[in-house]
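Visitor: Pasting a predicted model and its sequence here:
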Amino acid sequence: MSLSTTEKTALGAICALGLLVLAFDYPAGRTPRQAEAPPPTPYALATAEADARAATARAEADRARSEREATAKAETERLAAVQNPGETEDILPAGHGREEVFARCTACHSTAIIRRSGFSRDRWDELMDWMTEKQGMAPLEGDIRTLVVDYLAQHFPPRRSPRNANPFLN
Amino acid sequence: MARERSLQELYAQDPERADALAFGRRGALKGTALAAMGAALGATIPFAARMPGGLLPAALAQTAGGTPTLRMDGKAPLILLGERPLVAETPEAMLDDDVTPIDKFFIRNNGQIPERFAADPKTWRVKIEGEVNTPLDLTLGELESRFEVVTLRLQMECGGNGRAAFAPETRGNQWGNGAISNGEWTGVRLRDVIRAAGPKDTARFTGHFGADPHLSGDTSRPAISRGMPIAKAMEDTTLIAFRLNGQPIPQIHGYPLRLITPGWPGSLSQKWLNRIVLRPTPHDGPGMGGTSYRVPVKPIVPGSSNNGADFVDIASMPVRGLLTNIAHGTRMPAGTRRLDLRGHAWAGDKTVRAVHVSTDFGASWAEMRVNEAPNRHAWQRWQGAVELPTDGYFELWTRATDSDGRMQPHAAANWNPQGYAANAMARTAILVG
């Protein structure tokens, strides 16, 4: 016997309907007054189980997502705090030009990068161009450049070995 | 007492002059200067006569003033070199483990630390494009399922490790010898991924991109983007990694995906990796060209200005050894005569053939035992012992020799403006009694 696609679909639908009717009809076929609930059909059991599994998976995914988001937020905040030492101008040695240096030089990085450095005036001057050309600092020209570079050269000249305290002298 | 203070002050204020005074013209440490130095150290210097001219005792060579410490959950108290960008060095004596624990990993950022990827890490994407027949756009999950996953112990060292030894001082973070790690990295081989993309004959260099924003916050500007010759990318130890010591990579170390290019400057181990471009010519991103990660072929005058046009990119890092079981500045009980020593040594793409330790400023050397590396590009464990003749001030000089017979020099060689590839031998000052 060969059936057309439409006939197959129709047959399939009828079978499915029949099953559904059976499934829904089952309790109705019993005495309504009966106290004990009838045992669920294998079909109902399977459906319930699948639903429960899907719900658990959804809850698990939601939980994992909100946990990840909370972790990400906490981590981002924590690292933002580490990267922001809350410096004020007096972290730099007092002197003519300190205010301008602090104002212009802490938008991108903390002052540690400046304080760790020790260069001649020429090297400091070159570094201003590097910061502009390679790092996008607004160009520093004229009097303000002289002021900033003079301050840096005076307070952060070359040293011999800038790291570590002597372990035995203190 | 007066003399002690004056010597200290002299070193703090004018080390060059103090050096000249202490050593005199022929470079030998002399009578009163020697006595003064001993007084300043609070100890005699038994091998003073052998101290090379111009070399200060390690304990005196450094200016006064404490180094700040990193205070951060999940990290050991590393030496804080800067908050923004966040940069921190591991003290040498914290590097004793065979596999560097996560909390003891040094930190180097060039830009801001990006916001942590909040979605499922398996959905993080990385692109392989440029001179390939089939550009790839893969998730971390696909990387892990499509390619062989390997776990290796790999050194990762900053190109500027050892920089503080340069004289005159150079630009850059003033690292001692602690910008090194040897983690257990899990990932896939970059080689396998490049092969899957079908590299063309013109794929001769790589360029790497990550998600960290530039320090200025300007989103059109990568914080750093470096690249390497294809041969290094095709080595079987160059990984796209997603786990460190069995854990997801911590955020500050590149979560969830990074390159690991062991033995070459750490800047080639791009963090927060999201794109690799294959190119016919060397990459031109920030951190390439000029004096960046480049060293002179023809040595230049230390302290001179140079645009780096004739320099070459650093490939393999040079040989280096560390003493890890005795900290610089350790005070030991009077009568201590024998010291058991151990540490690690590595040599970029090469291996370490020998490690020697001197207690007398290099006049004599004791050979240590050096283990083989568990896999290529892992550091090697060394151990041994030395004898001390008396109480007093000593320096333990650790000198590694690579598989070509090249040794660490006494002083940082091949000075360059941004201070790369210095590998002067490590000096650990101790005081007995």
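Guide: Sure thing, it's come through. Numbers count the residues shown, from 1 in each chain, chains lettered A, B, ... in the order given.

Visitor: Run through the residues that contact residue A:92.
Guide: Residue A:92 sits next to A:98, A:101-102, A:111, A:114-115, A:155 when contact means C-beta atoms under 8 Å, 6 or more residues apart in numbering or on different chains. Placement of C-beta: from N, CA and C, glycine included.

Visitor: Of those, just say which sits nearest to residue B:180.
Guide: Distance to residue B:180, by C-beta to C-beta, is smallest for residue A:115 among the contacts of residue A:92, at 24.5 Å.

Visitor: contacting residues around the closest one?
Guide: Here residue A:115 is in contact with A:91-92, A:156 (C-beta under 8 Å, 6+ apart).

Visitor: now swap in residue B:375 and tell me
Guide: With C-beta under 8 Å, 6+ apart, residue B:375 has these contacts: B:152-153, B:237.

Visitor: now swap in residue B:346 and tell me
Guide: Contact partners of residue B:346, counting by C-beta under 8 Å, 6+ apart, are B:155, B:157, B:180, B:182, B:263, B:317, B:319-320, B:352, B:378-380, B:400.

Visitor: Can you check the pLDDT for residue B:321?
Guide: On pLDDT, residue B:321 comes in at 98.

Visitor: Let me see the backbone angles for it.
Guide: Per-residue torsions, residue B:321: phi -130, psi 150 (degrees, to the nearest 10).

Visitor: Return the residues in contact with residue B:428.
Guide: B:58, B:92, B:323, B:326-328, B:330, B:395-398.

Visitor: ok, and which of these reach chain A?
Guide: residue B:328 (C-beta under 8 Å from any C-beta of the partner chain).

Visitor: Looking at the contacts of residue B:346, which one is closest to residue B:165?
Guide: The shortest approach to residue B:165 among these belongs to residue B:320, at 11.1 Å (C-beta to C-beta).

Visitor: beta partners for the closest one?
Guide: residue B:346 (DSSP bridges).

Visitor: Distance of it relative to residue B:71?
Guide: Residue B:320 sits 28 Å away from residue B:71, going by C-beta to C-beta, to the nearest Å.

Visitor: Please identify which of those two sits among more neighbours.
Guide: Each of residue B:320 and residue B:71 has its neighbours counted (other C-beta atoms under 10 Å in any protein chain shown); residue B:320 has more, 28 against 10.

Visitor: Could you tell me how far the host helix or strand of residue A:61 lies from the centre of the chain?
Guide: Element membership for residue A:61, per DSSP states H and E: helix A:42-83. Distance of helix A:42-83 from the chain centroid (C-alpha atoms, centre = their mean, to the nearest Å) equals 17 Å.

Visitor: try stretch B:379-392
Guide: The gap between where stretch B:379-392 is centred and where its chain is centred comes out at 23 Å by C-alpha atoms, centre = their mean.

Visitor: quick one on the thing from earlier: pull out the buried residues from the contacts of residue A:92.
Guide: With burial judged by 16 or more other C-beta atoms under 10 Å in any protein chain shown, the buried subset of these is A:98, A:101-102, A:111, A:114, A:155.

Visitor: quick one: pLDDT of the residue in chain B positioned nearest to chain A?
Guide: Nearest residue of chain B to chain A: residue B:329, at 2.5 Å (C-beta to the nearest C-beta). With respect to pLDDT, residue B:329 scores 90.

Visitor: pretty sure it contacts residue A:168?
Guide: Yes: Residue B:329 lies in contact with residue A:168 (C-beta atoms under 8 Å); the separation is 6.8 Å.

Visitor: just checking, residue B:419 touches residue B:170?
Guide: Yes: Residue B:419 is in contact with residue B:170 according to C-beta under 8 Å; the separation is 3.1 Å.

Visitor: Overlap in contacts, these two.
Guide: With C-beta under 8 Å, 6+ apart as the test, residue B:419 and residue B:170 both reach residue B:163.

Visitor: tell me the SS of the residue nearest to residue A:71 when sequence neighbours are not counted?
Guide: Nearest non-adjacent residue to residue A:71, counting by C-beta to C-beta, 6 or more residues apart in numbering or on different chains: residue B:116, 7.1 Å away. Three-state call for residue B:116 (DSSP: H, G, I helix; E, B strand; the rest coil): coil.

Visitor: Domains in chain A, by residue range?
Guide: Following automatic domain parsing, one gets these domains for chain A: A:43-83, A:89-160.

Visitor: Could you identify which of those domains is most buried?
Guide: Of those, the one with the most neighbours on average (mean count of other C-beta atoms under 10 Å in any protein chain shown) is domain A:89-160, at a mean of 16.

Visitor: Spatially central residue in chain A, please.
Guide: Closest to where the C-alpha atoms of chain A average out (C-alpha atoms, centre = their mean) is residue A:72, at 4.4 Å.

Visitor: Please look at residue B:385 and residue B:340 and confirm they touch.
Guide: Yes: if you go by C-beta under 8 Å, residue B:385 and residue B:340 touch, sitting 5.1 Å apart.

Visitor: So residue B:183: helix, strand or coil?
Guide: Here residue B:183 is recorded as strand under three-state DSSP.

Visitor: Worst mean pLDDT across the helices and strands of the chain, which element?
Guide: In the absence of a named chain, this looks at chain A. helix A:5-28 (a mean of 47; mean pLDDT, DSSP states H and E).

Visitor: Tell me which stretches of the stretch 151-300 of chain B form strands.
Guide: Taking DSSP state E, counting those that start in this stretch, the strands of the stretch 151-300 of chain B run over residues B:180-189, B:205-210, B:239-244, B:247-248, B:258-260, B:273-279, B:294-295.

Visitor: Which strands and helices lie in contact with the last one?
Guide: So that's strand B:294-295. Using 3 or more C-beta pairs under 8 Å, 6 or more residues apart in numbering or on different chains; DSSP states H and E, the elements in contact with strand B:294-295 are strand B:312-313.

Visitor: The strand it packs on packs against which elements?
Guide: The helices and strands touching strand B:312-313, judged by 3+ C-beta pairs under 8 Å, 6+ apart, are strand B:294-295.

Visitor: mind running it again at 6 Å?
Guide: Contacts defined by 3 or more C-beta pairs under 6 Å, 6 or more residues apart in numbering or on different chains; DSSP states H and E place strand B:312-313 against no helix or strand at all.

Visitor: Just list the residues touching residue B:165, thanks.
Guide: Counting by C-beta atoms under 6 Å, 6 or more residues apart in numbering or on different chains, residue B:165 touches B:412, B:422, B:424.

Visitor: From the residues you listed, which land in strands?
Guide: Using DSSP state E, no member of those falls in strands.

Visitor: Output those residues in a markdown table; the columns should cover neighbour count and pLDDT.
Guide: Below are those laid out as a markdown table (neighbours: other C-beta atoms under 10 Å in any protein chain shown; pLDDT from 0 to 100):
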| residue | neighbour count | pLDDT |
| --- | --- | --- |
| B:412 | 21 | 95 |
| B:422 | 26 | 98 |
| B:424 | 20 | 97 |
